[in-house]
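Trainee: pasted the sequence and its predicted model underneath.
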Amino acid sequence: MKNLLKMLLGAAVLVLTTAPTMAFPDVSDDYWAAPQINLLSEQGVIVGYPDGTFKPDANVTRAEFAAMAIRALGQQHTKVAQPVHFTDIDENHWAYSDIQKALYFDLISCDKSGELFRPDDSVSRAESLTVSVNALTTETISPAKAKEVLAKMYIDANTIPEWFLIPAGKAEILGMIVVAPSAKKAALEANRPATRAEVSAILFNMMEQAKLNPNAKLAEAMRKKTGEGFVVDNATVQGSIGTLPAGAIVPIKLNSYISTQSSEGGTLYTATAPQNYITKEKFILVREGATLKGQLLDVRPGKYFVRNGVLVLENSLITTENDQTTEFYATGEVKKDRNWWMKFVRWAFKGEQLEVAADGTVYVRLLKPLKIDLTNGWIYE
């Protein structure tokens with residue numbers, strides 16, 4: 001009987017540990033868009049509702065879609081220098097920044113400032129597919145070619161808006177048009193609001209295509225940035241992510257004078273990266289000029305025949321060119337390079353005094369690894 005109970009318990013554990021988990025309770029594993037929904041949820045492109053559901057049949061606003069598209073393309077940290085003015089949103093709107101980025105990357109168009117954006121209107125299937133196509137570099141096709149490829153598949157191909165004809169034709173050629181399998185006959189339904197499930201599938205298709213053929217602005221933004229600088233030998237690169245590992249040693253340039261004889265433990269300091277921190281392949285991890293902050297962790301004055309001076313720094317924060325402030329835990333001990341004779345003298349008689357001039361360099365050792373997006377310098381916290 002005990003063996004039987006053990007077998008049943010083991011089987012139950014096996015089922016529980018091997019059964020696939022659902023990201024949302026209202027999106028079953030066999031739901032037609034479940035793979036795309038779950039993947040985009042994991043990547044933070046889409047989120048569920050406060051009650052934990054996804055509501056796949058709900059609509060998506062134009063503002064929400066702009067934000068989703070920017071995150072799907074990994075450009076949420078891009079800065080836009082010259083924003084476009086809309087009469088119905090301003091910089092206080094929650095999606096203002098993402099909408100401006102969507103404009104900058106040519107995902108959406110605006111003929112002139114002062115137009116309406118209609119952020120709370122539902123995004124249509126035509127609008128969502130057009131944004132997805134606009135993210136890509138595509139071959140030019142004629143209206144006649146677009147009509148030809150669409151007419152073969154969709155019962156309403158002859159009734160779609162004229163402005164959507166070319167984007168729809170390109171989307172069909174690239175296999176990006178999404179039609180729920182429950183539909184009896186394939187239809188574009190261009191003007192119908194897109195559901196959250198459809199938007200997830202459309203954005204997934206856009207992400208995959210953009211990896212191969214992004215438009216010109218996205219291609220530049222998605223390029224890993226290179227330059228000269230201080231080579232961190234043990235830094236690694238995987239895809240577009242670079243890692244500054246724990247133990248990496250980098251230089252920092254202090255903004256003020258410190259000394260074993262006049263400074264005190266706990267004193268705060270600021271510093272800068274004196275040059276780019278780069279990988280062996282010259283990918284930029286941290287740009288020159290990044291600001292670092294910390295404190296003097298241990299300060300002991302040098303006294304003859306008593307001890308050599310001790311000067312230890314503890315760095316805690318970094319502020320990058322993206323105005324991102326995040327953790328940068330590192331320590332550095334100030335030491336002087338000595339020949340063997342002076343090392344013996346200091347060992348025997350002690351009393352060494354240490355100092356670092358303003359604009360002087362100290363090397364610090366990273367205590368925690370940093371993962372950095374090599375396309376835009378964003379540090380993942």
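Mentor: Noted; the coordinates are in hand.
Trainee: now the helices for the protein?
Mentor: 2-18, 34-42, 62-72, 96-104, 125-134, 143-151, 165-173, 196-212, 216-221, 340-349 (DSSP state H).
Trainee: could I get those as CSV with mean neighbour count and distance to residue 293?
Mentor: For every residue, glycine as well, the C-beta is placed using N, CA and C. Formatted as CSV, the helices of the chain follow (neighbours: other CB atoms under 10 Å; distance: least, CB to CB, whole Å):
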stretch, mean neighbour count, distance to residue 293
helix 2-18, 9, 45
helix 34-42, 19, 33
helix 62-72, 24, 29
helix 96-104, 22, 26
helix 125-134, 23, 40
helix 143-151, 15, 56
helix 165-173, 23, 48
helix 196-212, 21, 36
helix 216-221, 15, 29
helix 340-349, 11, 31
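Trainee: residue 376: which of those is closest?
Mentor: Set against residue 376 and scored by CB to CB, the helices of the chain come closest in helix 216-221, at 7.0 Å.
Trainee: contact partners for the spatially closest residue to residue 357 that is not a sequence neighbour?
Mentor: Nearest non-adjacent residue to residue 357, counting by CB to CB, 6 or more residues apart in numbering: residue 257, 5.8 Å away. Neighbour list for residue 257: 355, 356, 357, 358, 360 [criterion: CB atoms under 8 Å, 6 or more residues apart in numbering].
Trainee: rewinding a little: rank the helices of the chain by pLDDT, which is bottom?
Mentor: Mean pLDDT is lowest for helix 2-18 out of those, coming in at a mean of 40.
Trainee: so how far is residue 354 from the residue nearest to residue 357?
Mentor: 12 Å (CB to CB, to the nearest Å).
Trainee: cool, and residue 38?
Mentor: Distance from residue 38 to residue 354, by CB to CB: 56 Å.
Trainee: find the residue at the geometric middle of the protein.
Mentor: Centroid-nearest residue in the chain: residue 74, 5.5 Å away (criterion: CA atoms, centre = their mean).
Trainee: surely that one is in contact with residue 380?
Mentor: No. In terms of CB atoms under 8 Å, residue 74 does not count as a neighbour of residue 380; the distance is 11.6 Å.
Trainee: mutual contacts of the two, please.
Mentor: Here residue 74 and residue 380 have residue 373 as joint contacts, going by CB under 8 Å, 6+ apart.
Trainee: Provide a list of residues in contact with residue 310.
Mentor: Residues in contact with residue 310 (CB under 8 Å, 6+ apart) are 260, 298, 299, 300, 333, 354.
Trainee: quick check: domain ranges of the protein?
Mentor: Taking automatic domain parsing as the domain assignment, the ranges for the chain are 20-221, 230-380.
Trainee: how far is the first one from where the chain is centred?
Mentor: The reference is to domain 20-221. Here domain 20-221 is found 19 Å from its chain centre; the criterion is CA atoms, centre = their mean, to the nearest Å.
Trainee: ok, now the last one?
Mentor: From the chain centre to the centre of domain 230-380 is a distance of 26 Å (CA atoms, centre = their mean).
Trainee: what is the end-to-end distance of that domain?
Mentor: Terminal residues of domain 230-380 are spaced 21 Å apart (CA to CA, to the nearest Å).
Trainee: report how many residues lie close to the closest residue to residue 370 other than its chain neighbours.
Mentor: Nearest residue to residue 370 in three dimensions, chain neighbours excluded: residue 244, at 4.3 Å (CB to CB, 6+ apart). The local packing of residue 244 (other CB atoms under 10 Å) involves 24 other residues.
Trainee: contacting residues for residue 244?
Mentor: Counting by CB under 8 Å, 6+ apart, residue 244 touches 232, 235, 250, 277, 285, 286, 366, 369, 370, 372.
Trainee: filter the residues you listed to the buried ones?
Mentor: By neighbour count, with 16 or more other CB atoms under 10 Å, the contacts of residue 244 hold 232, 235, 250, 277, 285, 286, 366, 370, 372 as buried.
Trainee: nearest to residue 66, of the residues you listed?
Mentor: Among the buried ones among the contacts of residue 244, and counting by CB to CB, the member closest to residue 66 is residue 372, at 26.0 Å.
Trainee: separation between that closest one and residue 238?
Mentor: Separation of residue 372 from residue 238 (CB to CB): 11 Å.
Trainee: just the pLDDT at residue 380, thanks.
Mentor: 89.
Trainee: what residues are up against it?
Mentor: For residue 380, the contact set (CB under 8 Å, 6+ apart) comprises 241, 371, 372, 373.
Trainee: which of those has the most neighbours?
Mentor: When neighbours are counted by other CB under 10 Å, residue 372 leads the contacts of residue 380 with 24 neighbours.
Trainee: distance check, it against residue 239.
Mentor: As for residue 372, its distance to residue 239 is 12 Å (criterion: CB to CB).
Trainee: just residue 373 next, same as before
Mentor: 10 Å.
Trainee: and for residue 136?
Mentor: According to CB to CB, residue 136 stands 20 Å off from residue 239.
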